[in-house]
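A.B. asks: next comes the sequence, and after it the predicted model I'd like to discuss.
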Amino acid sequence: MKPVVVFRIDRRSGVATYLQIVHQVEQALRMGALEEGDRLPTAAQVAATTKVNPNTTLKAYRELERAGLAEVRQGAGTFITRSLSQPLTGPDSPLHNALSEWIRQARAEGLSGQDVTALFRAAFEATYPSDTNA
């Protein structure tokens, strides 16, 4: 059985917890880590690993359902209904490999994670100016 997504909550981010869960599911869908038919962890499982109120997780799952990405099946759980993955974004894609190599090179050059994030963000915003809030 495929491992389920593990949520990481940053309480200092300023982003609502339920939205962090939504964004992490969307990211997992884009990267191919979650696929159509996969079952999301239960609200109780998320609460046990993140100390998030189960209602917060349920709110996130309802948001995913509204977006057409998940379906709540009474008594069975919440399941992914469609993928956001593109062929060029998968973990084995040439673009993913090139980006991973770039990050390794930046680290070898002595850049911190914050430096890399700032550099990536600047390049991203220059290339995708209308997506800067994404």
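C.D. replies: Nice, thanks for sending it over.
A.B. asks: all strands for this protein, in order.
C.D. replies: Counting by DSSP state E, the chain has strands at residues 70-73, 77-80.
A.B. asks: the first one - contacts with which helices or strands?
C.D. replies: This means strand 70-73. Contacts defined by 3 or more Cβ pairs under 8 Å, 6 or more residues apart in numbering; DSSP states H and E place strand 70-73 against helix 54-66, strand 77-80. Any C-beta I mention is one placed from the backbone N, CA and C, and that applies to glycine too.
A.B. asks: now render these as CSV, adding mean pLDDT, distance to residue 39 and mean neighbour count.
C.D. replies: Below are those laid out as CSV (pLDDT from 0 to 100; distance: least, Cβ to Cβ, whole Å; neighbours: other Cβ atoms under 10 Å):
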stretch, mean pLDDT, distance to residue 39, mean neighbour count
helix 54-66, 95, 11, 18
strand 77-80, 94, 5, 18
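A.B. asks: out of these, which gets nearest to residue 11?
C.D. replies: Nearest to residue 11 among these is helix 54-66; the distance by Cβ to Cβ comes to 11.8 Å.
A.B. asks: out of the strands of the chain, flag the one nearest residue 49.
C.D. replies: Closest approach to residue 49 among those (Cβ to Cβ): strand 77-80, 15.8 Å.
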